[in-house]
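> starting from these lines, generate the structure:
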Amino acid sequence: MEDKGGKISVLYVDDEENNLISFKATFRIKYKVYTAISGAKAIDIVKTKPIDIIITDQRMPGMTGVEFLEEIIKINPDSMRILLTGYTDMSAVIDAVNKGKIFHYLNKPWSEEELDETIQRAYDIYAEKKKILETYSKLEVSNEQLEFLLRQKLLS
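Below you'll find the predicted structure:
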């Protein structure tokens, strides 16, 4: 859901403020960037703002990245999810795929180019999925109208 200025909305969640500042400074011109210092604060943002792409750190106090993504699925299942972690924790990656339904996993520290490419690929899939869902919705309406007309014809 690009904003009216045509920018993709990206939420970056990390418990390290320096990472939030760095992310915003790097991507604020290209994307509509939101940042949150915790999963709880990020959930508040997702409830009030249209977010296309969510990027979260795995290791955070209070709520891990996977736990946060599990909650996000309940609120906004359509947004694309990316997990970042500075640790090679395969169980976290497996949980992220299975429970958090992530699109991609990246290691910290992130490379600007790699992260930018990942955001773009995630948005391409997000946009295509939205188009398919809109087409499906239109087809459902058309089908209902045709069924109604057929019933009317059969009753007359």
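> going forward, measure contacts between C-alpha atoms and count neighbours the same way
OK.
> check which helices and strands the helix or strand R151 falls within is in contact with.
If you go by DSSP states H and E, R151 is part of helix 112-155. In terms of contacts (3 or more C-alpha pairs under 8 Å, 6 or more residues apart in numbering; DSSP states H and E), helix 112-155 is packed against strand 53-57, strand 80-85.
> so it versus strand 80-85, what angle?
150 degrees (axes from the mean of the first three to the mean of the last three C-alpha atoms, to 10 degrees).
> for the record, mean pLDDT for helix 112-155?
Helix 112-155 carries an average pLDDT of 88.
> how far does it sit from the chain's center?
18 Å (C-alpha atoms, centre = their mean, to the nearest Å).
> again, but for stretch 106-113
18 Å.
> what about it, how long is it end to end?
12 Å (C-alpha to C-alpha, to the nearest Å).
> report the buried residues of that stretch.
Neighbour counts over stretch 106-113 (16 or more other C-alpha atoms under 10 Å) mark L106 as buried.
> just stretch 64-81 next, same as before
For stretch 64-81, using 16+ other C-alpha under 10 Å, the buried residues are 64-73, 76, 79-81.
> just to revisit the earlier point, same list (the helices and strands packed on helix 112-155) but as TSV, adding mean pLDDT and distance to Y136.
As requested, these are arranged in TSV below (pLDDT from 0 to 100; distance: least, C-alpha to C-alpha, whole Å):
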stretch	mean pLDDT	distance to Y136
strand 53-57	95	23
strand 80-85	90	20
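> I'd like the ones you listed written out as CSV, with distance to K32 added.
Compiled in CSV, the helices and strands packed on helix 112-155 are given as follows (distance: least, C-alpha to C-alpha, whole Å):
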stretch, distance to K32
strand 53-57, 10
strand 80-85, 15
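> let me know which of the ones you listed is the nearest to A127.
The closest of the helices and strands packed on helix 112-155 to A127 is strand 80-85. By C-alpha to C-alpha, the value is 10.1 Å.
> tell me what the closest one is packed against?
strand 53-57, strand 104-107, helix 112-155.
> so what touches that strand?
Strand 80-85 is contacted by residues 52-59, 65, 69, 96, 100-108, 110, 122-123, 126 when judged by C-alpha atoms under 8 Å, 6 or more residues apart in numbering.
> what lines up beside that strand in the sheet?
If you go by DSSP bridges, strand 80-85 pairs up with strand 53-57 (parallel), strand 104-107 (parallel).
> any idea of the mean pLDDT in the shortest one?
Strand 104-107 carries an average pLDDT of 80.
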